[in-house]
Structure formats: structure tokens, C-alpha cells
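Visitor: Next comes the sequence, and after it the predicted model I'd like to discuss.
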Amino acid sequence: MSPTLIIAEKEIRDNLRNRWVLAATVLMFVLALVLGFLGSAPTGSVKTDPLTVTVVSLSSLSIFLIPLIAMLMAYDALIGEIERGTMALLLSYPISRGQILRGKFIGHIALLLAATLVGYGAAGVIVQLNFGGLNAAAWKPFFLLIMASVLLGAAFLSLGYLISANVKERGTAAGIAIGVWLFLVVIFDMALLGILVADSTHAINAKILELILLLNPTDIYRLLNLTGFENTAMYAGMAGVSGQIGLGKTVLLAAQLGWIVVPFALAAWAFNRRQI
């Protein structure tokens, strides 16, 4: 087995031993199930698939939950090992720093994927079975939700590694991680909304707004889920927006991949230059 996969296996075992990944999976399942049943209760009269309603509800919830879970995984991934002295021990073996970082990323992504598939997937099956059976067409936006959730988590994993590679203490890493999470999840959109309201001259047109939205992985995630398919766009009240917006699924996916690759590359560069 390659050193990268050994590190990935170690990360998976360590996180499973801490039981908080199991807790996150259960939390995702319970929240998805509650939102599915509460949102789907009136859908019989309006002929809306319950899974579509669940996707719209989860798109808002996951923006807060998935990045937080990813940050908790990644903020001390490097500095924690350095403080405990285990990083120096790891580097005494024939393994490179790049292999360590890639192994941690693979392990964390595997945990995020498993938690999202089990938590959201099981809830989606229960909701659909309870409201009249499985509808294959309704699963397309739901699978997009799961894939987009994993990509969003991967972006915040990369940001967490970047923080962890540059700080000197775990406490500092935790504070910066919470600050980054709060800014991207809450403050960014509030500030953008305030700017748009104050823009009486309409200097920010649709094209500029699209570029601004690409500067935040959570906004990319929201656009992917709420405008990716006609039924979700219609139920979310974004049917008109999805027809006018120039950002297709390919562009949005490429931008989200950029939010994964660029911070990860910067984290690898900082980690390679760091003295242990």
C-alpha cells in the first residue's frame, strides 16, 4: 500500500474512533428527514415531488453544516500533528509532506462522502417511500445535491489545510477557521446584499454579480442546487433567475473545483516550506 493511502486509512480510523463523524452522519440524517417531512407535507395538492422540496430545503441547511464539518476536520490536520510531535515522527519515515497532505485529504473526503451519502441518502429514500414510492427522475437533483455537498466540503477542507499549514498554534487555527467559515457562510452574502441595495446607480450589473458570486464557494453551491434543474429552480422561486444567469453547471463545477485546487496547492506550498 502506498504511503498516501496509509495516511488516508489512518485519518479514517482516527476520525471514526472519535465518534464525531458518526454523530455528524446522524445529525445530517435527522435534519434531512425532518426537513423532508415538514416541507413535503403540502406537496400532494401542488403535485410537487417531495424529494424536490427536500433538495431546496437542504441546499440552505448544508451551506452552514457541510463547511463547518469540513473545517472541524481540517483546521488542525497539520498544526495538531506538529504540536503533538507526531508530524516529526511521520517525516522520519520514507514519506513526503505532499503524500501526508494528500493522504489526509483522501481520508477526509472519504468520510465526508460516506456521511453525506448515508445521512442524506437514507433520509431521501424514507421521504420518497413515505409519500408514494420512488421517482427516478427526482433523484437527479438529489444526487447533484450530494455531489455538490462533497465538493463544498472539499473546498473548506482545502481552506482548513491552508490555515493549518500557516499558523503556529491550534488555538489560532481554530479562531481563523471559525472566522473564515463565518465570513463565507454569513457575512459575505449580507455584505453583498447591502451593496446591491445601496447601488442606486446600478453599477453592479448581472455579469459583475455573477463574477462576485464565484468568489464564494457557498454561493456556487447554492446556484448549483437551486438552478441546476428546472423543477428545483421553479420550487425555489429561481426559475426566472436560472433562465437569465449565464453560469451553467459546467462553469459552476469548474469554479468549485478551483476553490478546491488553489487553496490545496497553497497549503502544500506552505507546508513544504515550513520547518518542523
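Guide: Everything's here; your move. Residues are numbered from 1 along each chain as shown.
Visitor: low pLDDT regions in the stretch 101-250 of the chain?
Guide: Applying pLDDT under 70 to the stretch 101-250 of the chain picks out residues 131-138, 228-246.
Visitor: Contacts only, for residue 55.
Guide: Counting by CB atoms under 8 Å, 6 or more residues apart in numbering, residue 55 makes contact with 141, 142, 145, 225, 232. No exception for glycine: its C-beta is placed from N, CA and C like everyone else's.
Visitor: And the pLDDT for it?
Guide: Looking at residue 55, its pLDDT stands at 75.
Visitor: For it, give its distance to residue 220.
Guide: 16 Å (CB to CB, to the nearest Å).
Visitor: now do residue 77
Guide: Distance, residue 77 to residue 220, by CB to CB: 23 Å.
Visitor: which of those two has more neighbours?
Guide: Set residue 77 next to residue 220 and count neighbours by other CB atoms under 10 Å: residue 220 wins out with 26 against 23.
Visitor: Tell me who's in contact with the more buried one.
Guide: By CB under 8 Å, 6+ apart, the neighbours of residue 220 are 152, 213, 214, 252, 255, 256, 259.
Visitor: again, 10 Å this time
Guide: By CB atoms under 10 Å, 6 or more residues apart in numbering, the residues touching residue 220 are 148, 151-152, 155, 213-214, 247, 251-259.
Visitor: same thing with residue 165?
Guide: 77-79, 82, 97, 101, 173, 263, 266-274.
Visitor: I figured residue 94 hits residue 2, correct?
Guide: No - applying CB atoms under 10 Å as the test, residue 94 and residue 2 come out as separate, 11.4 Å apart.
Visitor: between those two, what contacts are shared?
Guide: Common neighbours of residue 94 and residue 2 (CB under 10 Å, 6+ apart) do not exist.
Visitor: Among those two, which residue is more densely surrounded?
Guide: When residue 94 is set against residue 2 and neighbours are counted by other CB under 10 Å, the residue ahead is residue 2, at 11 against 7.
Visitor: which phi and psi does the residue of the chain most remote from its centre have?
Guide: Distance from the centre of the chain peaks at residue 201, with 35.0 Å (CA atoms, centre = their mean). With angles defined as degrees, to the nearest 10, residue 201 sits at phi -90, psi 0.
Visitor: Kindly provide the distance from it to residue 195.
Guide: The value you get for residue 201 to residue 195, if CB to CB is used, is 12 Å.
Visitor: Same check on residue 68?
Guide: Applying CB to CB, the value for residue 68 to residue 195 is 26 Å.
Visitor: Settle it for me: which of those two has more neighbours?
Guide: Taking neighbours as other CB under 10 Å, residue 68 and residue 195 compare with residue 68 leading, 18 against 12.
Visitor: Quick check: the more buried one touching residue 181?
Guide: Yes - if you go by CB under 10 Å, residue 68 and residue 181 touch, sitting 6.0 Å apart.
Visitor: Spit out the residues that contact these two alike.
Guide: residue 156.
Visitor: Pipe the contacts of residue 55 into a markdown table and attach distance to residue 127 per row.
Guide: Listed next are the contacts of residue 55 as a markdown table, based on distance: CB to CB, whole Å:
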| residue | distance to residue 127 |
| --- | --- |
| 141 | 13 |
| 142 | 10 |
| 145 | 13 |
| 225 | 17 |
| 232 | 15 |
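Visitor: which one of these is nearest residue 186?
Guide: Nearest to residue 186 among the contacts of residue 55 is residue 225, at 18.4 Å by CB to CB.
Visitor: Touching, that closest one and residue 58? I think so.
Guide: Yes - taking contacts as CB under 10 Å, residue 225 lies within contact range of residue 58: 8.0 Å.
Visitor: where do the contact lists of these two overlap?
Guide: By CB under 10 Å, 6+ apart, the residues touching both residue 225 and residue 58 are 142, 145, 149.
Visitor: Among these, which ones are in helices?
Guide: The helices, defined by DSSP state H, take in 142, 145, 149 from the shared contacts of residue 225 and residue 58.
Visitor: Tell me how many other residues crowd the first one.
Guide: Applying other CB under 10 Å, we find 25 residues neighbouring residue 142.
Visitor: Having no further points to raise, I will conclude here.
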